[in-house]
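Engineer: for reference, the sequence and a predicted model appear below.
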Amino acid sequence: MAGGLKLPYPETVRLVKVMCSGRVDPQMVLKAFREGADGVMILGCHPGDCHYKEGNYFAQNRAYLLAELLSQYGIEPGRFRLDWVSAGEGERFAKVVTEMHDQVAALGPLSLHLRRCEEAAS
Ligand code: FES
């Protein structure tokens, strides 16, 4: 919806579309950080609205564990976020993505040293 309405959001944001937030494997998040992302955000349908019924609940449970894992690698909590935005909420999409972008920008680039630690652990 945000694209259709031509709502602005930061140009550095890269979208990876999946069928459901429940399809986001934690390895995808780790790969994004390893390959240069300074922050990763998973957006899913609001609780109770998942087309696959429980996908967003699975995503939420994984996100808790993933946030803990990321902190052990020294990746600040502000670099990872799970939030709920339905396909029809273009304005909300632009708002939360811009918030995340600004938060990550304030943290600065993710240290390459941290990426090497993650690679060594995998
Ligand atoms: S379809 Fe599952 S979170 Fe949207």
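Structural biologist: Arrived safely, thanks for sending.

Engineer: so which residue is smack in the middle of the chain?
Structural biologist: Met41 (1.4 Å; CA atoms, centre = their mean).

Engineer: beta-bridge partners for it, please?
Structural biologist: Arg81 (DSSP bridges).

Engineer: how much space separates it from the ligand?
Structural biologist: 14 Å (CB to the nearest ligand atom, to the nearest Å). Yep, even glycine has a C-beta here, placed from its N, CA and C like the rest.

Engineer: Leu110 is in contact with Asp38, correct?
Structural biologist: Yes - using CB atoms under 8 Å, Asp38 is in contact with Leu110, at 4.8 Å.

Engineer: and for the two, which residues touch both?
Structural biologist: Jointly contacting Asp38 and Leu110 under the rule CB atoms under 8 Å, 6 or more residues apart in numbering are Arg79.

Engineer: find the nearest non-adjacent residue to Met1, please.
Structural biologist: Excluding the flanking residues, the one nearest Met1 by CB to CB, 6 or more residues apart in numbering is Gly90, at 3.3 Å.
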